[in-house]
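# 3D, please:
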Amino acid sequence: MRNKSYYDRKRRTADRRYQQRQINQRNRRPRRHSVSPFWIIFVVVIVLLAIIVAGVFLKLHKNQRTDDVIEDVILEEDSTLEENIYYYYAELSTEDRMLYDIILKGVCNCDTSIFVNTTDTDRIFNIVNLMMADHPELFWIDGSCQTITSGDRMEIKFPYLYTRSEIEHRQTEIDYCVEEVMSKVPENASDYDKVKLIYEYIIDTVDYVYGCEDDQNLYSALVNRKSVCAGYSKATQYLLQKLGIQALYVSGIANGNGGWDNHAWNIVRCNGAYYHVDCTFGDDYPGAGYSFNELGIYNYAFLCIDDGMISTNHKRTDTNISVPVCDRGDLNYFKLNGMYSEVYDDDVDHNMKSNIEEGNRNWMWQFSNYAAYQDFLSNCRYAEYVSEYLNASSQIRYICNDDMYYVFYWY
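Just a heads-up that it's a prediction; the model follows:
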């Protein structure tokens, strides 16, 4: 018979074997290595840096693309400025041109701050005004700005009216409209032909709507097709500049349907001389409220006229900005087309009667002076000639302008 010590040894031996098997099983399992906190932080930092770099790259790429779109419109070639498309830029000194270029570049980039090496606030405000008068395509600013002087430098801040993405989208829409207009211009068109075409295009496509959206910039006229005088004038200026015609934006007051009020129009350079052009007044009968579109004719009374003619119902108010003299009346539409005279005589009557006999339902004429104009109104035979030609009575309508001495008759 075995004693107790024998069994104790057997149990201890079994316990050791069991413990060894447990150890062996643990050794066969995959080991879990502990990770140092340093490496965890390192990996997280690397991932975050990669995300930031990628975001900055994408933003810069997008911004550069937007800058390219905007700058291509304004600063296509340095030669554009050298060719004197921009009247006020050409009138500046070399030093002021440098400031003008810096400000224009900053506005094109939508920079939040533009720095210039001057502390003369009045000088900067004047340059900004001239830049706005030269560049109607800057629809994302209204010309207002804030200046902060520090040392011998000045910081300029513009309140941008739209985001960069909105500017890019709107510019694409404007470009589409410009392409549409450019396709209508004959290859060998003269300066006058270009000005007349744009005059007619604006009258045909834009409606005068007071208080409409974006009415102070060219987007309202070219894209929305609804604007007021500011939009009319900036759209006209921009399209003419695209055709290589120097055009100025002119502000002042004018005597329209509601009396004297704030107004804007253009001065254009045509065949080397300067003339006034007002598409807004051309799109209406001042003092009567009739639209040319309703009558199917154009009012060319405000196409390429001189200072004397425009001054009868237009006056400039900003004397701080000079404009070129417009002292030639050779492109007056009435003169060019044999509808102009110094007196009312048989030649005027003959022209009127021939016009009716040819089947034209409207007739227009301009006199050089008030006396001849009044003589015509007192003795006009238009209704008589219409009745004679049609052999029947017809409703005759007419509009006359006591300032510029022109008349429109239609039936």
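# For residue 266, which three-state class applies?
strand (DSSP: H, G, I helix; E, B strand; the rest coil).
# isn't it right up against residue 238?
No: contact between residue 266 and residue 238 fails when scored by C-beta atoms under 8 Å: they sit 10.5 Å apart. For every residue, glycine as well, the C-beta is placed using N, CA and C.
# Please tell me how far stretch 324-337 is from the chain's geometric centre.
27 Å (C-alpha atoms, centre = their mean, to the nearest Å).
# what's next to that stretch, contact-wise?
Outside stretch 324-337, the residues that touch it by C-beta atoms under 8 Å, 6 or more residues apart in numbering are 87, 192, 248, 267, 269-271, 273-276, 300-301, 303-310, 339-340, 364-366, 406.
# Just the buried residues of the residues you listed.
Buried members of the contacts of stretch 324-337, counted by 16 or more other C-beta atoms under 10 Å: 87, 192, 248, 267, 269-270, 273-276, 300-301, 303-307, 309-310, 339-340, 364-366, 406.
# From those residues, which land in strands?
In strands, judged by DSSP state E, the following of the buried ones among the contacts of stretch 324-337 are found: 248, 267, 269-270, 273-276, 340, 364-366, 406.
# Which pair of the residues you listed spans the longest distance?
248 and 365 (30.0 Å; C-beta to C-beta).
# which stretches of the stretch 51-200 of the chain have low pLDDT?
Residue ranges of the stretch 51-200 of the chain with pLDDT under 70: 53-83.
# Please, where are all the strands along it?
114-116, 146-150, 153-157 (DSSP state E, counting those that start in this stretch).
# For residue 174, which of those is the nearest?
Of all those, strand 114-116 sits nearest to residue 174, with 23.6 Å by C-beta to C-beta.
# which helices and strands does that closest one pack with?
Packing partners of strand 114-116 (3 or more C-beta pairs under 8 Å, 6 or more residues apart in numbering; DSSP states H and E): helix 94-108, strand 153-157.
# for the longest one, which positions count as buried?
Applying a neighbour-count criterion of 16+ other C-beta under 10 Å, the buried positions in helix 94-108 are 96, 99, 100, 102, 103, 104, 106, 107, 108.
# contacting residues for the second one?
I take that to be residue 99. 116, 118, 123, 124, 127.
# measure the first one to residue 138 for me?
If I follow you right, that is residue 116. 18 Å (C-beta to C-beta, to the nearest Å).
# so residue 261 makes contact with residue 252?
No: if you go by C-beta under 8 Å, residue 261 and residue 252 don't touch, sitting 10.3 Å apart.
# Mind checking which of those two has more residues around it?
residue 252 (16 against 11; other C-beta atoms under 10 Å).
# contacting residues for the more buried one?
262, 263, 264, 314, 315, 316, 317, 318.
# could you dump the buried residues of helix 94-108 to a markdown table with distance to residue 402?
Output for those, formatted as a markdown table (distance: C-beta to C-beta, whole Å):
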| residue | distance to residue 402 |
| --- | --- |
| 96 | 43 |
| 99 | 46 |
| 100 | 43 |
| 102 | 49 |
| 103 | 45 |
| 104 | 44 |
| 106 | 49 |
| 107 | 44 |
| 108 | 46 |
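# Verify the stated contact: residue 317 with residue 251.
Yes: Residue 317 lies in contact with residue 251 (C-beta under 8 Å); the separation is 7.0 Å.
# Of those two, which one has the most company?
Taking other C-beta under 10 Å, residue 317 and residue 251 do not tie; residue 251 has more neighbours (16 against 10).
# Give me the secondary structure label for the more buried one.
Under the three-state scheme (three-state DSSP), residue 251 adopts strand.
# Quick check: it touching residue 315?
No: with contacts counted by C-beta under 8 Å, residue 251 stays clear of residue 315, the gap being 10.6 Å.
# Distance check, residue 316 against residue 148.
For residue 316, the distance to residue 148 - C-beta to C-beta - is 32 Å.
# ugh, typo on my part, it should be residue 217
26 Å.
# These two: which has the busier surroundings?
residue 217 (24 against 11).
# Skipping its backbone neighbours, what lies nearest that one in space?
residue 139 (3.9 Å; C-beta to C-beta, 6 or more residues apart in numbering).
# so which strand or helix has residue 45?
In this assignment (DSSP states H and E), residue 45 forms part of helix 37-74.
# Equivalent analysis for residue 201, please.
Per DSSP H and E: helix 191-205 holds residue 201.
# what's the angle from that helix to strand 273-277?
On the basis of axes from the mean of the first three to the mean of the last three C-alpha atoms, to 10 degrees, helix 191-205 is oriented at 10 degrees to strand 273-277.
# Can you show me the CA trace of helix 191-205 as CSV?
Extracted in CSV, the C-alpha atoms of helix 191-205 (Å, rounded to 0.1, in the frame of the first residue of the first chain):
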residue,chain,number,x,y,z
ASP,A,191,-15.7,102.8,-85.8
TYR,A,192,-19.0,104.5,-86.5
ASP,A,193,-20.6,101.2,-87.6
LYS,A,194,-19.4,99.6,-84.3
VAL,A,195,-20.8,102.4,-82.2
LYS,A,196,-24.1,102.4,-84.0
LEU,A,197,-24.4,98.6,-83.7
ILE,A,198,-23.8,98.6,-80.0
TYR,A,199,-26.3,101.6,-79.6
GLU,A,200,-29.0,99.5,-81.4
TYR,A,201,-28.1,96.3,-79.5
ILE,A,202,-28.5,97.9,-76.1
ILE,A,203,-31.8,99.6,-77.1
ASP,A,204,-33.1,96.3,-78.5
THR,A,205,-32.2,94.1,-75.6
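# ok, then the element right after that helix?
Downstream of helix 191-205, the first helix or strand assigned by DSSP H and E is strand 207-208.
# Packing partners of that next one?
The contact analysis (3+ C-beta pairs under 8 Å, 6+ apart) places strand 207-208 against strand 226-227.
# Torsion angles phi and psi at residue 344?
phi -100, psi 110 (degrees, to the nearest 10).
# err, residue 319, not the other one
phi -80, psi -10.
# State the number of residues packed around it.
Neighbours of residue 319 using other C-beta under 10 Å come to 6.
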